[in-house]
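Undergrad: One predicted model, sequence on top.
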Amino acid sequence: MSARRLVIAIDGPAASGKSSTAKWVADRLGIRHVDSGALYRALTAAALRAGPAGGDWSEAEVLRHAGRVGLRPEGRGFAPLVDGAPAAEEIRAVEVTRHVSTVAAMPGVRAWVNAQVRAAADEHDVVVDGRDIGTAVFPDAALKVFLVADPWERARRRLIQRLERTPTEAEVAEETDRLVQRDARDATQTVPARDAVVVDTTYLTQEDQVERIVALARAVTHRPGDTSAG
């Protein structure tokens, strides 16, 4: 990666608010947002388009669809593409969510996604969110942030976003159980870099957490205000 490019890495478990926070931070700093999770989801969606999902998907079978997936610069971010068309809604479907952890656990898939993300950062100053970002993908990132939050609160936030209403306690409990199970599956990828700043967002509004990360970014990059470097 070019030394002149700025990378801010945001990691954390599922539903910790990585993507929405990173998008807002990028907008505040005037640089681009790269959602690495969108690539995992887009590759999962491409595999699902090819046929029913199965627990016996091999890494080679999944990677066979990599050429059908890409990112296209759009606004302050990148739009995920499947078969050359925008797929932002499709990649958030329940079926994709059900299988994306299996796909993301494949070493060859992680290597492919990491290469796509690094390519994006070669061309733009970026805020990147996802798994392994501050450890394996950009170990020399100018700033590494690791978001954490109570599983119940993560579940509640996810359901509010998905349902566009206040969820019931039973719904939150069910979603919390799913998140805890996913945390267990993702455990090897969901660890903070040794030099990451851990931010517990359980009792923070999104605006508060964005302000905190923007302040950290400006401190390490000596940028007093918004930029247009992307």
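TA: Arrived safely.
Undergrad: quick one: contacts of the one helix or strand in the chain whose mean pLDDT sits lowest?
TA: Counting by mean pLDDT, DSSP states H and E, the chain has its least confident helix or strand at helix 94-104, which shows a mean of 89. With CB atoms under 8 Å, 6 or more residues apart in numbering as the test, helix 94-104 has contacts from 37, 40-41, 43-45, 47-48, 53, 55, 57, 62, 90, 109-110, 113, 131, 182, 185-186, 189. Glycine gets a C-beta too; all of them are placed from N, C-alpha and C.
Undergrad: Pull out the C-alpha coordinates of it and format them as PDB.
TA: Provided in PDB are the C-alpha atoms of helix 94-104 (Å, rounded to 0.1, in the frame of the first residue of the first chain):
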ATOM      1  CA  VAL A  94     -31.500 -13.700   6.000                       C
ATOM      2  CA  GLU A  95     -30.200 -16.600   3.900                       C
ATOM      3  CA  VAL A  96     -26.900 -14.700   3.200                       C
ATOM      4  CA  THR A  97     -26.600 -13.900   6.900                       C
ATOM      5  CA  ARG A  98     -27.100 -17.500   7.800                       C
ATOM      6  CA  HIS A  99     -24.200 -18.700   5.700                       C
ATOM      7  CA  VAL A 100     -21.700 -15.800   5.600                       C
ATOM      8  CA  SER A 101     -19.800 -16.900   8.800                       C
ATOM      9  CA  THR A 102     -19.100 -20.300   7.100                       C
ATOM     10  CA  VAL A 103     -17.800 -18.500   4.000                       C
ATOM     11  CA  ALA A 104     -15.800 -15.900   6.000                       C
END
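Undergrad: Buried residues in that helix, which are they?
TA: Going by neighbour count (16 or more other CB atoms under 10 Å), the buried part of helix 94-104 is Val96, Thr97, His99, Val100, Ser101, Thr102, Val103, Ala104.
Undergrad: need these in JSON lines with distance to Arg156, can you?
TA: Output for the buried residues of helix 94-104, formatted as JSON lines (distance: CB to CB, whole Å):
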{"residue": "Val96", "distance to Arg156": "22"}
{"residue": "Thr97", "distance to Arg156": "17"}
{"residue": "His99", "distance to Arg156": "24"}
{"residue": "Val100", "distance to Arg156": "21"}
{"residue": "Ser101", "distance to Arg156": "21"}
{"residue": "Thr102", "distance to Arg156": "26"}
{"residue": "Val103", "distance to Arg156": "26"}
{"residue": "Ala104", "distance to Arg156": "24"}
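Undergrad: Select only the buried ones of the contacts of helix 94-104 in PyMOL?
TA: Isolation of the buried members of those (16+ other CB under 10 Å) is achieved in PyMOL through the command below:
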select buried, resi 37+40+41+43+44+45+47+48+53+57+62+90+109+110+113+131+182+186+189
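Undergrad: Let's see which of the contacts of helix 94-104 end up in strands.
TA: Cross-referencing the contacts of helix 94-104 against strands under DSSP state E gives no overlap.
Undergrad: In the protein, mark out all the helices, start to finish.
TA: Applying DSSP state H to the chain gives helices spanning 18-29, 36-50, 59-63, 94-104, 107-123, 151-163, 169-185, 206-221.
Undergrad: I'd like to know which of the ones you listed lies nearest to Ala196.
TA: helix 206-221 (10.8 Å; CB to CB).
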